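1. just coords:
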C-alpha cells in the first residue's frame, strides 16, 4: 500500500491532513486491489486517540469527500472516546462525524479497522460501518468496565466486556478478526475486490479460468443419506464458486447461517446459506439479523444474491419469542422483499414452514428458484406433522402416516407443479445453472417505489 495517490481522483480533493495530531485523512491507493479510498487514521499516541471537535471534523470532512468522489471510506480507529478536555464541543464533534458517515450508507461502502480501544462515541461510529475488522488486541464498548461495575456490581476486564471474542461470537460487531494491522489491511483489500466503489457501479470483474459450466458432483455428495444428517454447507458454496474460493464474513457469530462473497464467472455474488452443522440450520434472532444485514448490503451495492436453503424452520423457544423473534425475523423478510438485485435460490434439502418463505422463496420475489431432488418443501416435516395430526394414533399408524406424508409431500415436484420451483436440477449442474441465470439477469431492472425511505423492522 502506498501513501497519497497521484491518481486524477485526488484533483480538487481537499482534506484536513491532521488536527492536533489526533486524526488525519488522506486519499490512498491500495495497490493490491488497485482501488482508491478515503482513509482516516485516529492516532492513539495523542491523548489515547481522544476525539476533539476538530478531530471529529476531520472524520466528517473525509466522509463528505468519500461521498463527493464516490469512493469507499475507511476509518482506522483507536480512540478512548470524546476528548474530556474538549467538553460539550467534543461530543457535538463526533455527532457531526456520525451524521456524515450515516449519509454514506448505501452510497459508498464504509469500513472500520479497529486497532485499539473504541470507547463510547467512537464505538457507535463502528456500528455505522458496513464492515468492521478488529485486530486481536483491540476492544470496543459504549460503557466501560468502570461504569459496568458501578451500575451492576460486576467486575470485568476490557477484553471480557468488549474484546474480539465478544464481538466475533456474541455481538456480531466484528465482520472478521485478524492478528495485526497489516493483516487487517490485507483483509480489507481482499474484501474490496468483491465490492464496487459506489451505488452507481458494479463490482470489478475478477479474472478466472474456471469454466462457468463446470460440473460439481462434490456438491451433491456433501448431502448425507439420512434426512437428519449434518454437513458443512461451505463444501457446496466452494464447489459452486470460481476456483473454490469464498470470503466468509462474521464466521463465528450466528454460525447457523453463512454469509460470504464468491465469484461466479468472474462476477461478484453474495451468498446466504443455512448451515446444518449448527442448530440444524434453523433460524434464530442472530441468524436473521446477520442474513438481513448482508442481503441489505448486497442489494444496496448491486451484488447479486445466491441463497442456499436447508433449514427445518425457526428455532423454537419462549426466550427467542420474548426477545423479539417476530421483529428480527421480519428484518430478514423485509431485506429479501425489497431487494431488486438478481436473486437465485437453490433448495438443497429441507425447506419448511415460515423459514421456507423467509429464505428467498419464489413468492418473496426471487428471479429463479431451483431445487435438488433431495429438496423437501412443506409446512413441516413428517414427524412434526404426525405429532399434530396423529396425536391419538398408535405407533404403527403414526409410522404409516409419516411414510405416506414423506412420499406424497416431501419432494420438490409438488412445488414445481404449482410454479413455486422453476426447475428441479441434478446437484452437479448447480454451478452451470446458477451461472447461466446470473448472465441472463445482468440487465435486470426494477422500478423503485416513490417514497422518502422504507421503515425497516428493527
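-> Looks like it arrived, so ask away. For clarity, every value in this text was computed on a predicted model and none was experimentally measured. Numbering: from 1, shown residues only.
2. Let me see the ranges of the helices in the stretch 301-450 of the chain.
-> Using DSSP state H, counting those that start in this stretch, the helices found in the stretch 301-450 of the chain span residues 318-322, 325-338, 353-358, 382-389, 395-409, 412-417, 430-440.
3. where among these is the average confidence lowest?
-> Mean pLDDT is lowest for helix 382-389 among the helices of the stretch 301-450 of the chain, at a mean of 61.
4. Could I get the full set of strands for the stretch 201-350 of the chain?
-> In the stretch 201-350 of the chain, the segments counted as strands under DSSP state E, counting those that start in this stretch are 247-249, 257-264, 267-274, 305-311, 343-352.
5. Make TSV out of these and add mean pLDDT, mean neighbour count and distance to residue 222.
-> (Glycine included, C-beta is placed from N, CA and C.) Shown next, in TSV, are these (pLDDT from 0 to 100; neighbours: other CB atoms under 10 Å; distance: least, CB to CB, whole Å):
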stretch	mean pLDDT	mean neighbour count	distance to residue 222
strand 247-249	98	18	17
strand 257-264	98	24	13
strand 267-274	98	26	12
strand 305-311	97	26	10
strand 343-352	92	25	9
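6. quick one: which of these is nearest residue 121?
-> Among the strands of the stretch 201-350 of the chain, strand 247-249 comes nearest to residue 121, with 25.1 Å by CB to CB.
7. Quickly note the distance from the closest residue to residue 253 other than its chain neighbours to residue 24.
-> What sits nearest to residue 253 in space, not counting adjacent residues and going by CB to CB, 6 or more residues apart in numbering, is residue 172, at 3.9 Å. Note on residue 172: its distance to residue 24, by CB to CB, to the nearest Å, is 30 Å.
8. my read is residue 65 is in a helix, agree?
-> Yes: per DSSP: H, G, I helix; E, B strand; the rest coil, residue 65 lies within a helix segment.
9. Tabulate the strands of the stretch 201-350 of the chain (CSV), appending distance to residue 105.
-> Shown next, in CSV, are the strands of the stretch 201-350 of the chain (distance: least, CB to CB, whole Å):
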stretch, distance to residue 105
strand 247-249, 17
strand 257-264, 18
strand 267-274, 17
strand 305-311, 19
strand 343-352, 22
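10. So for residue 49, which of those sits nearest?
-> strand 247-249 (26.1 Å).
11. Partner strands of the closest one and their direction?
-> Looking at strand 247-249 with DSSP bridges, its partner strands are strand 257-264 (antiparallel).
12. Check which helices and strands whichever strand or helix holds residue 98 sits against.
-> If you go by DSSP states H and E, residue 98 is part of helix 88-104. Other helices and strands packing on helix 88-104, by 3 or more CB pairs under 8 Å, 6 or more residues apart in numbering; DSSP states H and E, are helix 53-69, strand 73-79, helix 121-128.
13. tell me the most buried of these?
-> Highest mean neighbour count of these: strand 73-79, a mean of 26 (counted as mean count of other CB atoms under 10 Å).
14. That strand relative to helix 121-128, how many degrees between them?
-> 150 degrees (axes from the mean of the first three to the mean of the last three CA atoms, to 10 degrees).
15. Tell me the neighbouring strands of strand 73-79, and mark each as parallel or antiparallel.
-> Partners of strand 73-79 in the sheet, by DSSP bridges, are strand 35-42 (parallel), strand 110-119 (parallel).
16. low-scoring pLDDT stretches of the chain, where are they?
-> Counting by pLDDT under 70, the ranges of the chain that qualify are 1-23, 25, 46-47, 82-86, 90, 379-393, 397-409.
17. domains of it?
-> 8-192, 217-375+411-440 (automatic domain parsing).
18. Same list (these) but as CSV, adding distance to residue 455.
-> Formatted as CSV, these follow (distance: least, CB to CB, whole Å):
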stretch, distance to residue 455
domain 8-192, 15
domain 217-375+411-440, 9
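19. Of these, which is nearest residue 206?
-> Across the domains of the chain (criterion: CB to CB), the nearest stretch is domain 217-375+411-440, sitting at 5.1 Å.
20. about what we covered before: so which of the domains of the chain is nearest residue 447?
-> domain 217-375+411-440 (8.9 Å).
21. Please state the offset of the closest one from the chain centre?
-> From the chain centre to the centre of domain 217-375+411-440 is a distance of 13 Å (CA atoms, centre = their mean, to the nearest Å).
22. what's the span of that domain, first residue to last?
-> Domain 217-375+411-440 has an end-to-end distance of 24 Å (criterion: CA to CA, to the nearest Å).
23. repeat for stretch 261-278
-> Terminal-residue distance, stretch 261-278 (CA to CA): 20 Å.
24. How about residue 220: what's its closest non-neighbour residue?
-> Using CB to CB, 6+ apart and skipping the chain neighbours, the partner closest in space to residue 220 is residue 427 (2.8 Å).
25. Now for that neighbour: which residues touch it?
-> 216-217, 219-220, 223, 348, 372, 374 (CB atoms under 8 Å, 6 or more residues apart in numbering).
26. What is the burial count for residue 394?
-> Burial measure for residue 394: 9 neighbouring residues, criterion other CB atoms under 10 Å.
27. scratch that, residue 373 is what I was asking about
-> Residues lying near residue 373 (other CB under 10 Å) number 12.
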